[in-house]
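one predicted model, sequence on top.
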Amino acid sequence: MRSVLFAIGLFLFQISPTQDAPSIDGVVVQLGTGVPIAGAHVSIGTGGQVMADEGGRFRFSNIQPGRYPISAAHNDYIPARDRRPGMSGTVTLENGQKLTGVVLSMVAKGAISGRVADRNGNPVANAGVQALKYSYQDGRRILVPVGNAGTNNAGEYRMMRLAPGPYIVRAVLPDSAVPESRLPVYFPGTSDAASASLIDLPPGLDYSGVDLRLSEARAVRVRGRVVSGITGQVPIGPSITLVPRRGTIATGTTQRAVVASDGTFEFRDIAPGAYDIVATSKGGPGTPDQLAASVSIEIGGSDIDSVVLVLQPQISIGGRIQIENLQVDPASLKLSGVRVELRREPYTPELLVLLPNVGVDGSFTFGSVTPGDYRLKVSASGLQGYIKSARFGAIDALNPPFPISGPGQFEIVISLNAGSLDAGVSDDQRKPVIDATVVLVPDAPRRQRFDLYYVDGSDASGRAHFDGLAPGDYRIFAWEDVPADAWQDQDFLRRYEDRSRPIRIREGGRETIDLRLIP
């Protein structure tokens, strides 16, 4: 759940209690070297904060008895807590107790440096260079910027204070570059993010020589027009946007185009990749208030012409939630706490459907829905129930994506007879593991349902607990370190499938299972 790039070693030697107020003495050092870290901010929660001196030493005096978390922070190092079995990064102080010899070990951040040049080897000044890391969204791997720097007149750059780990390095060229050269360039010199070389940055290292050279790839142009599906004419005040497809390794950025009086538009200097073109406009007198349309395109090395967006009225869609196995007064249930979400597939922020309020009778209404493919997600965690069924007319709305082409009604059934699970996590020495990421993953064919992925962290006794589970067959994993939502990527899961255990959740049942940690 959080990266294991930092360790805190707590070697606590207790002196016999006296009647004095409790105190803590220790030192902050660099992991693996023992070099003291001057200027580190050491905190013990609400007990206060001190700064380590030139020798990395710190001291807390006159502390009130109680339980305190110990942590250290420094701009050049990574803060976190101890993850060793039996250690939770906290200490308990009794009246008069002295704790000495506390050692906080921190992992150093690093840097990536290099040079950006054109095809002839000449330096490119004022280019923006980014460090990107892989993340996960909706079961797909994507790139997320985590660091940046600019090039000087010699084309040189240096990105500092980067956490250890794998990176993709990208240069975004300045507007002064010729159109054919304005595509993003990935190390060592490609416009295709999937073909980029990975930089594995060790702790505390200045990783130099990450040089980027402009590629021969050509930026392309996209042309088209918008038209009202009601009048057949140019819509009123249209807005049009080119959006990199979410859930893909998009190499471009969001762009807006000016729509001419005849409804035509043009996007220039577009990098290869997957995109959505989204258009909206006012409906005009005697027509619905809002019109919208979107079209998906794949951009390669050639210009695209004749894209046509026919804007249609956005619609309102109602729905109702019913509770099965209800044994109490319906008025006592807080249905307003149920979260119902309708998301465009693929996800398109410009066509976001606002979350509706759920009434006391379970009714709700989605407004401003643009016809297209969607995914429904319902959270009933406040009821400790699970979604037994959801239909949009004759369509199974739990089998995404499903189409919405006109008005309709959602019928959602929540069962309060959900299952529960207690899981214990231990290491190879059979010691309980604190703060492991425990994930319940549905078996095929339900893996496209992201509402059936359940996540919890193990507590101080190595236990994780799940309520509100839908019945069915699952695999359960316990990771020491795992990127958020990586378990929704099937390629990622295959690498760990043999380290998981199968579990069947029964309706109304309570299951228990013991797990081995995946280091």
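Cool, the structure landed. Numbers count the residues shown, from 1 in each chain.

Provide the strand pairings for the helix or strand hosting residue 503, with the direction of each partner.
Per DSSP states H and E: residue 503 is located in strand 501-505. Using DSSP bridges, strand 501-505 pairs in its sheet with strand 472-479 (antiparallel).

residues making contact with the strand it pairs with?
For strand 472-479, contacts defined as Cβ atoms under 8 Å, 6 or more residues apart in numbering pick out 1, 421, 423, 425, 433, 436-443, 446, 452, 458, 464, 487, 496-497, 499-505, 513, 515-518. Glycine gets a C-beta too; all of them are placed from N, C-alpha and C.

before we move on, back to that, pull out the buried residues from the strand holding residue 503.
Using 16 or more other Cβ atoms under 10 Å as the test for burial, strand 501-505 gives 503, 505.

now it: mean pLDDT?
Per-residue pLDDT over strand 501-505 has a mean of 96.

which ones among the contacts of strand 472-479 map onto strands?
If you go by DSSP state E, the contacts of strand 472-479 have 421, 423, 425, 437-442, 464, 501-505, 513, 515-516 in strands.

which among the residues you listed end up buried?
Among the ones in strands among the contacts of strand 472-479, the ones that count as buried by 16+ other Cβ under 10 Å are 421, 423, 425, 437-442, 464, 503, 505, 513, 515.

adding distance to residue 346, write these out as TSV.
Shown next, in TSV, are those (distance: Cβ to Cβ, whole Å):
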residue	distance to residue 346
421	32
423	33
425	35
437	26
438	29
439	24
440	25
441	22
442	21
464	32
503	31
505	30
513	35
515	34
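
taking the residues you listed, tell me the two that lie furthest apart.
425 and 442 (20.1 Å; Cβ to Cβ).

where exactly do the helices run in the stretch 1-150 of the chain?
Under the criterion DSSP state H, counting those that start in this stretch, the stretch 1-150 of the chain carries no helices.

shaky segments in it?
1-19, 46-47, 80-89 (pLDDT under 70).

what residue spans form the domains of the protein?
Using automatic domain parsing, the domain ranges for the chain come out as 10-108, 110-213, 220-312, 315-415, 420-516.

the closest residue to residue 203 other than its chain neighbours: neighbouring residues, count only.
Excluding the flanking residues, the one nearest residue 203 by Cβ to Cβ, 6 or more residues apart in numbering is residue 164, at 4.4 Å. Around residue 164 there are 19 other residues, counting by other Cβ atoms under 10 Å.

how about residue 406?
12.

one more: the one 4 residues further on?
Residue 410: 22 surrounding residues under other Cβ under 10 Å.

is it bridged to anything, and to what?
For residue 410, the beta-bridge partners under DSSP bridges are residue 319, residue 392.

how close does it sit to residue 393?
From residue 410 over to residue 393 the distance is 9 Å, taken as Cβ to Cβ, to the nearest Å.

residue 417 now?
Distance, residue 417 to residue 393, by Cβ to Cβ: 26 Å.

do residue 71 as well
Distance from residue 71 to residue 393, by Cβ to Cβ: 54 Å.

of those two, who's got more company?
Higher neighbour count among residue 71 and residue 393: residue 71, with 21 against 13, using other Cβ under 10 Å.

wait, the more buried one touches residue 78, no?
No. In this structure residue 71 lies outside contact range of residue 78 using Cβ atoms under 8 Å: 11.3 Å.

show me the contacts for the residue nearest to residue 203.
So residue 164 contacts 5, 78, 107, 109-110, 201-203 (Cβ under 8 Å, 6+ apart).

likewise residue 257?
Residue 257 touches 240-242, 265-267, counting by Cβ under 8 Å, 6+ apart.

tell me what it is bridged to.
Assigned bridge partners for residue 257, using DSSP bridges, are residue 240.

what score does it have for pLDDT?
With respect to pLDDT, residue 257 scores 90.
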